[in-house]
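> Just a sequence and a predicted model for now, questions to come.
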Amino acid sequence: MFVTDIRKEFYDKVVHERVLVLVAFDVDALCACKILQYLFQCDHVQYTIVPITGRQELENAFLEHSEQVKYVVMINCGGNINILETLQPAEHVIFFIADSHRPVDLVNVYNDDQVKLLMPTTDDFDIPAYDDLFKDDESDDDSGNESDSSAPSGKRRRLDEEVLERRRERRLWEEKRKQILLDYEEFSTYGTSSAMIMFDLAWKMSKDSNDLLWWGIVGLTDQYINNRVERGKYMTDVGDLHKHTLRLNHRNEDDDNTVSVDCMRIYFDEELKLALYRHWSLFESLKHSSYPACKFKMWTVKGQQKMHEFLADMGLPLVQVKQKFTSMDMGLKESFKGLFTASCEKYGLDDISFGSFIAQYGYKNKLCAADVVYAVNGLMECVEAEKSATGYFLEALDCLSRQNVKKLLRGLDLAKRQLTTIMQTVHSFIDMKQIISAGPFLYAYIPEGHPDVKFFSRPNCLGMLAYFMQEAYVATSRSRRSTLLPMVVAAPLNAETGSALVIGIPPKAEESTKNFFGRAFEQAAIQTNSRTLHDNFDTSIIEMKSEDRSKFFDALISLLS
Amino acid sequence: MYGEKAVELIRQLHRSPDGSLPPFNEDGIRQVLEEMRVLFEQNQADVNKTVDGAPGLFPGVQLRHAALERNKRCLLAYMFNRMERLRAMRWEFGSVLPPDIKYNLSEQEIQWFSRYNKSLAAYMRSIGGPSGGGLDLTQDLKPPKSLYIEVRCLMDHGEFETEDGTILLLKKDSQHFLQRSQCEHLIRQGVLEHIL
C-alpha cells in the first residue's frame, strides 16, 4: 500500500516504538539512513541499524531480529521482492519500505496491512488494476462442481455451458494477467531517491536543516552519477532541492545577518563532469572522468595531443594543470570554469556541465555533491582486507557526518584509486580489443588473473566500469549501431568458489534508464540451468558460477537477437 | 647495592600499563624486608659498639639508616599505588572483579577491596535520605549530554535484555540507539562503541 501522508502514516506510528532499520549498500540508502537517524534521535526513537548486501542477508537479518521488533524500515531494499512470501513475518510486523528500485512488487502494492510503501505518489508507477491481478477463487470451481453432482439432469446441459463459459473466461483472464505481469516486470529501473523521500519527511516535520538537505542532495546526485535516473527527472528533483537550498541559506546574502564561516552553507552551481578535480589535479581529473576521456579518446596518442591542444586553447599552462587544484594560481582557479565552458563547445564537449550543489563549511572544506558521492562510494566499496564489507559500510556512514572530515578525505583517496583502476582497465580493454560485439549486446569479461580484479567484485564499481567501457567503445567504434547496443560486463567475484559477477546496462543512445537485463538474465539462467544467484536488489546484477558462463551467454545471445 | 630491590618493585608496577594490575610480588617484598632486617641488625650492632666507645662507625650507621628509610618509602609507595589502581577498577568494572585481576591480588588487598565495596555501597544507599533509595554513583562518571546514545557493536554479543524487558540482538557491525544507562557497562567492556 502506498503511504499518502508520510508523517501521519509512517512517522507518528513508529515514534514510540523500537524500529529495525535495514539499509542497502548504496550511497543513496546511506544518506536516507542518516536523515532518518537524525529524526529518530530527536524523538528518542530506539532503533537498530543493520546493513544488508542482498536478498539472502535480508532474510537472515530479519530472522535474527524478528523476535524483538514490530516495525521494520527498509531503505533501498525489499521493494521489488514479495516481502511477505520471502520473510514469512508474524502478523503484527509492519514493514515500511523506502526503495528506489522499480518495478515495485505487486503484492507489496496491494497489501494494506503489513506493507507500507514510502514512495512519492508523483512517481509514475503504471500499477495494473487490482481486478486484473487478483480474483477471489473459491466461487468459480467449487460452485461448478457442486452443481454438477446435485443438479437434476435437465438443468445439466445449461449448467455445463455455464461452467464452460466461466472456465473460458477464467482462462482468458489468466492469459491477460500473465501479459500484464510480463509488461509490468519487463524493465527494471529506478524511481525517486530514498534520501529525497526522507528529506521530504524531515521538511514536513519542520526539522529540516542544511545537514539534512546536504544528505538529500548527495543521495540524489548518487543516482545521477551512477546513471540511475534520467536527466529530466534529475533536473526536476534538483529544482525541488534548489528551492529548499534557497530557503535554508538566505541568511548569508546581506551584511546584517551573516553566519559564521564554520556553519554549513549550500549553494547551487553548474558543475563540470570532471570527477574530483577539486581534490586532484585538473590534468588527472580530465584523464579519469569518463565523459572527457571518451570524447578525446584519451587512450590514443592523438587523443592525448588533442587534450593538450584543448588545455592550450583554454590558456592553462601545463605546469599549473598538473599540480594540485588547490595549489593552482588564484587567478586561473577563478577564471578556469569560464574558460573551460567556452572551449568545451569548440571541442564538442557540449554536455560537460550539469546542475549540482556545493557545500562549504570553514575555509578548508568545500565539497561538491558529486565528489562526496565518489568518496563515499570509494570508502564503501574499499577492497582492503583491513575490515569486513559491513565495516566499510559503517565507515562510509560515518564519513557523511560533518565532524568526520578525515574519513571523507580518505574516501577521496580511495575514490581516486578506483577511478584510476577503471581508466586503466578500460584503456587496456580498448587497446586489446577485448570488448566484443556479441550481436545483440556488447560484452566484456575481466579475466581472472587481472591485477585489479578485486576492485570489480563490487557492484557499484563494476557498474561504473561498464558505463565507462560502453562510452569508450561507442567513441572508438565506427558503426552507428553501437550506440543502440546494451552492454554486459562480467568479472570474477571469488576465485575460491569460482563465481563471477555479471552486470547488464542499457544502450547508450537510450534516454531512459530502463534495463531489461533482469528478466533476460533470469530466463537465460532457466534455459541453460546455469547456477546463478539473483541476490542483488538490482536485478540486472547477478552472480554466477564461472564455468557456466559460456553457455549462459550463448543463451542470452539467442534470447535477445 | 642497598635499595635496588625496592626500586625494582616500583619499576615493575610502573611498567605495567594503566588499567591492569601485575601480580602481587610477595617474593620481592620479602627480599626487601629481609634486606631491611639485615640493615637494621647491622645498625643495631654498630650503635651498640659506638655506645661502648668504638669511634668512626657513625657515617656507616647513617648511610644504612637512609637506605632503610628509602626501602620503607618504596614499599609503602608500592602498596599505595596498587591500592589506587584497585580503587579505580572498582569504579570501572563494578563490585565484581574480573578473575584474572583477582588472581593477582594479595590476601590483604582482597580484604581491603571488599571493605571498600561495603563502605561505598553503604554511602550510595544513604544518598537521598532513608527513603530515597540511593544513587548509583558509578553510573555516570561524567555528566551525560543526552539520555540516549548511539552505539555500534564491535563483536557478536548475543541477546541483551534492557531494563524495560525488550530483548535486542547485539551482532557485530550493527548500530543501535539505546538508553545510555543501559549500555554504559557494555561500552566499558568493549562490546559496544559510542559513536559521536
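The structure has been received and is ready for your questions. Computed from a predicted structure; not experimentally measured.

> And stretch A:524-534, what's buried?
Residues A:524-525, A:528, A:530, A:532-534 are the ones in stretch A:524-534 that count as buried (16 or more other Cβ atoms under 10 Å in any protein chain shown). Every residue, glycine included, has its C-beta placed from N, CA and C.

> What part of the chain, helix or strand, is modelled with the least confidence?
The chain I'm using is chain A. Lowest mean confidence among the helices and strands of chain A (mean pLDDT, DSSP states H and E): helix A:138-150, at a mean of 46.

> looking at chain B here, not the other one
Going by mean pLDDT, DSSP H and E, chain B bottoms out at helix B:180-189, a mean of 82.

> Now intersect the buried residues of stretch A:524-534 with the strands, please.
A:532-533 (DSSP state E).

> Tell me how many other residues crowd residue 42.
In the absence of a named chain, this looks at chain A. By other Cβ atoms under 10 Å in any protein chain shown, the residues close to residue A:42 number 11.

> meant chain B, my bad for not saying
Residue B:42 has 13 nearby residues by other Cβ under 10 Å.

> most remote residue from chain B's center?
Here the centre of chain B is the reference, and by Cα atoms, centre = their mean the most remote residue is residue B:53, at 50.0 Å.

> Flag every buried residue along the longest helix along chain B.
Among all segments of chain B classified by DSSP state H, the helix with the greatest residue count is helix B:58-93. Counting neighbours by 16+ other Cβ under 10 Å, one finds that the buried residues in helix B:58-93 are B:61, B:64, B:67-68, B:71, B:74-75, B:78-79, B:82, B:85-86, B:89-90, B:93.

> Break the chain down into its structural domains.
All of this refers to chain A. Following automatic domain parsing, one finds the domains of chain A at A:6-123, A:135-184, A:433-560.

> my bad, the chain I had in mind was chain B
If you go by automatic domain parsing, chain B breaks into B:4-126, B:148-195.

> related to what we said a few turns ago, relative to chain B, which of the buried residues of stretch A:524-534 is nearest.
residue A:533 (22.3 Å; Cβ to the nearest Cβ).

> how near is the closest one to residue A:53?
Distance, residue A:533 to residue A:53, using Cβ to Cβ, to the nearest Å: 12 Å.

> what does residue A:105 give?
19 Å.

> neighbour-wise, which of those two wins?
Each of residue A:105 and residue A:53 has its neighbours counted (other Cβ under 10 Å); residue A:105 has more, 23 against 18.

> In contact with that one, which residues?
Contacts for residue A:105 (Cβ atoms under 8 Å, 6 or more residues apart in numbering or on different chains) come out as A:79-83.

> could you redo the last one with a cut-off of 10 Å?
Residues near residue A:105 by Cβ atoms under 10 Å, 6 or more residues apart in numbering or on different chains: A:78-86, A:97, A:99, A:111, A:115, A:117, A:185.

> Quick one: which of those residues is the most crowded by neighbours?
Neighbour max across the contacts of residue A:105 (other Cβ under 10 Å) = residue A:78, 31 neighbours.

> Specify the local secondary structure of it.
Put simply, residue A:78 is coil when judged by DSSP: H, G, I helix; E, B strand; the rest coil.

> Cool, thanks, talk later.
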